[in-house]
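Asks: A structural model of the following input is requested.
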Amino acid sequence: MLEQLAHVGRDPATNGYIRDAWSHADLELREWFAGEAARRGLDLREDRNGNLWAWWGDPSHRPGVVTGSHLDSVRQGGAFDGPLGVVSAFAALDLLKERGFQPVTPLGVACFTDEEGARFGVPCVGSRLLTGALAPERALALTDDDGDTLAEVMTRAGREPRLIGRDDETLATVGTFVELHVEQGRALHGPVGVASAIWPHGRWRFDFLGQANHAGTTRLGDRDDPMLPFARMVLEARAAAARYGVVATVGKVRVSPGNANAVPGQVSAWLDARGANERDVRELVAELTDHAAGAADDVALRGGIENGGGVAARGGAAGSGVDVSEESWTPVVDFDAALRDRLAALVGDGDTPAQILPTGAGHDAGILATAGIPSAMLFVRNPTGVSHSPEEHAEQADCESGVVALANVLEDLCR
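Replies: Numbers count the residues shown, from 1 in each chain. Alright, predicted model coming up:
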């Protein structure tokens, strides 16, 4: 099944994947999901937020056990992040049917929409809308790089955006959720492990404001260049992360007007910050916000620059500075301890339970767990630890071990 998906959204120049939510690639992947559900005789449903559900049994009278993940990707992402969880879910159902298993509890496969947030900047949009963690009005107003809103994009895809929002009817069908995912680091030693928690994490937008001007005719002392405080913020983010023992990343930047021969008028940068302790992450962001504001208004930033043998004085337009806004925040998620230990015992080696480990990566399982749904995660080993990159990898044997582990878990939970 992974081979069937290998061509969808693939960049031939890099072998990376671009599978934005509601793009042509995403719609093709949805068709593939529908085809796999039909081939197995599953009841396919799409909720009002665009999440897909394929059911073995009817969950309308009794909440079911659900597994699955997502099919969208980050820009230039790998082949396993998300799709491995979806194809493993279908493969686990195939294995259960080969065993002659008939679930007493309904069993479902889910495919959540826009987990990565690559197009609109907010992760886990489908599960956040489903659980009410994301307000519909805010979601519909999100814009992509072309200025198209989520409302416009969903309309073009044939969906009804006015219906999005918390969906209690769908939530009532989910009794337990188990997500299988490729591990996104090198902490897992065996083929399959179990998640203990998801670190608190969030995204913040920094808009550095300046004055656009000619690169050739504007003296250094007359410039109000927002690229300079932005550069200082990036360096300070790395230093502050080391001090607080967390991770901080500036991985997306937008420069306006974006001309090679012009001083920028605005630089927008997105900070991703995560750590084991919520207080440390929050304090890092607060410190970085203060630092960015100081850098933007620092007289020495534009003064003290050698210019033709002299020293440039402060120049540029008044009112430069920085605006900081929080685009998403997910508090620490501690997965249900009893369910976690049950899974570790089921997928372990004999009397030795599977390795239990936390993760710094966000997942739909974390959103559902925060909403009160008993949730758990299985990890499949990643030998390189590389993720969100074309180099992301998992060995065939480990993937097959993941399918067997998932099937054993589903069989136990559905008895």
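Asks: quick one: residue 139 is in a helix?
Replies: Yes. Assessed with DSSP: H, G, I helix; E, B strand; the rest coil, residue 139 lies in a helix.
Asks: What distance do you get for it to residue 160?
Replies: Relative to residue 160, residue 139 is positioned 14 Å away (CB to CB, to the nearest Å). Glycine gets a C-beta too; all of them are placed from N, C-alpha and C.
Asks: These two: which has the busier surroundings?
Replies: Taking other CB atoms under 10 Å, residue 139 and residue 160 do not tie; residue 139 has more neighbours (23 against 10).
Asks: Under a three-state scheme, what state does the closest residue to residue 357 other than its chain neighbours occupy?
Replies: The spatially closest residue to residue 357, leaving aside those adjacent along the chain, is residue 187, at 5.1 Å (CB to CB, 6 or more residues apart in numbering). Three-state call for residue 187 (three-state DSSP): coil.
Asks: For the residue nearest the centre of the chain, give me the pLDDT.
Replies: Relative to the mean C-alpha position of the chain, the nearest C-alpha, by CA atoms, centre = their mean, is the one of residue 116, at 3.2 Å. With respect to pLDDT, residue 116 has a value of 97.
Asks: Next up, the contacts around the closest residue in space to it that isn't next to it in sequence.
Replies: Excluding the flanking residues, the one nearest residue 116 by CB to CB, 6+ apart is residue 74, at 4.9 Å. Residue 74 makes contact with 81, 116, 118, 388 under the criterion CB atoms under 8 Å, 6 or more residues apart in numbering.
Asks: For the closest residue to residue 213 other than its chain neighbours, give me phi and psi.
Replies: By the measure of CB to CB, 6+ apart, the closest residue to residue 213 outside its immediate chain neighbours is residue 263, 4.3 Å from it. Residue 263 adopts backbone torsions of phi -70, psi 130, taken as degrees, to the nearest 10.
Asks: how is the chain carved up into domains?
Replies: 2-199+332-413, 201-329 (automatic domain parsing).
Asks: Report the distance from the first one to the chain centre.
Replies: In other words, domain 2-199+332-413. Per CA atoms, centre = their mean, to the nearest Å, the displacement of domain 2-199+332-413 from the mean C-alpha position of its chain is 11 Å.
Asks: mind checking the end-to-end distance for it?
Replies: End-to-end span of domain 2-199+332-413 (CA to CA, to the nearest Å): 26 Å.
Asks: do stretch 361-376 as well
Replies: 14 Å.
Asks: got the buried residues for it?
Replies: Buried residues in stretch 361-376, counting neighbours by 16 or more other CB atoms under 10 Å, are found at 361-371, 373-376.
Asks: Of all pairs in these, which one is the farthest apart?
Replies: Maximum pairwise distance among the buried residues of stretch 361-376 (CB to CB): 20.3 Å, between 361 and 374.
Asks: Please enumerate the helices of this structure.
Replies: Along the chain, counting by DSSP state H, helices occupy 2-5, 24-39, 83-98, 125-131, 136-141, 150-156, 168-171, 227-244, 278-297, 299-302, 337-347, 364-370, 396-413.
Asks: Need these in JSON lines (columns: distance to residue 107 and mean pLDDT).
Replies: Listed next are the helices of the chain as JSON lines, based on distance: least, CB to CB, whole Å; pLDDT from 0 to 100:
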{"stretch": "helix 2-5", "distance to residue 107": "22", "mean pLDDT": "96"}
{"stretch": "helix 24-39", "distance to residue 107": "12", "mean pLDDT": "98"}
{"stretch": "helix 83-98", "distance to residue 107": "7", "mean pLDDT": "98"}
{"stretch": "helix 125-131", "distance to residue 107": "19", "mean pLDDT": "98"}
{"stretch": "helix 136-141", "distance to residue 107": "29", "mean pLDDT": "97"}
{"stretch": "helix 150-156", "distance to residue 107": "29", "mean pLDDT": "98"}
{"stretch": "helix 168-171", "distance to residue 107": "16", "mean pLDDT": "98"}
{"stretch": "helix 227-244", "distance to residue 107": "42", "mean pLDDT": "97"}
{"stretch": "helix 278-297", "distance to residue 107": "35", "mean pLDDT": "95"}
{"stretch": "helix 299-302", "distance to residue 107": "60", "mean pLDDT": "44"}
{"stretch": "helix 337-347", "distance to residue 107": "16", "mean pLDDT": "97"}
{"stretch": "helix 364-370", "distance to residue 107": "16", "mean pLDDT": "97"}
{"stretch": "helix 396-413", "distance to residue 107": "6", "mean pLDDT": "98"}
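Asks: shouldn't residue 339 be in contact with residue 175?
Replies: No. The criterion here is CB atoms under 8 Å, and residue 339 misses it with residue 175 at 11.3 Å.
Asks: Send me stretch 140-152 as PDB with only the CA atoms.
Replies: Presented in PDB, the C-alpha positions along stretch 140-152 are these (Å, rounded to 0.1, in the frame of the first residue of the first chain):
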ATOM      1  CA  LEU A 140     -12.300  29.300   8.200                       C
ATOM      2  CA  ALA A 141     -10.300  32.500   8.300                       C
ATOM      3  CA  LEU A 142      -6.900  30.800   8.100                       C
ATOM      4  CA  THR A 143      -5.100  31.600   4.900                       C
ATOM      5  CA  ASP A 144      -2.500  29.800   2.800                       C
ATOM      6  CA  ASP A 145       0.500  31.200   1.000                       C
ATOM      7  CA  ASP A 146      -1.700  32.300  -1.900                       C
ATOM      8  CA  GLY A 147      -4.100  34.100   0.300                       C
ATOM      9  CA  ASP A 148      -6.900  31.500   0.000                       C
ATOM     10  CA  THR A 149      -8.900  30.900   3.100                       C
ATOM     11  CA  LEU A 150      -9.800  27.500   4.400                       C
ATOM     12  CA  ALA A 151     -13.400  28.300   3.700                       C
ATOM     13  CA  GLU A 152     -12.600  29.000   0.000                       C
END
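Asks: ok, now which ones touch residue 348?
Replies: Taking CB under 8 Å, 6+ apart, one finds residue 354 in contact with residue 348.
Asks: Okay, it and residue 189: tell me how far apart.
Replies: Residue 348 is 13 Å from residue 189, by CB to CB.
Asks: Repeat that for residue 351.
Replies: Residue 351 is 18 Å from residue 189, by CB to CB.
Asks: ok, now residue 359?
Replies: Applying CB to CB to residue 359 and residue 189 gives a distance of 15 Å.
Asks: Neighbour count: the two, which is higher?
Replies: residue 359 (23 against 9).
Asks: beta partners of that one?
Replies: Per DSSP bridges, the residues bridged to residue 359 are residue 198.
Asks: Distance-wise, check it relative to residue 282.
Replies: 20 Å.
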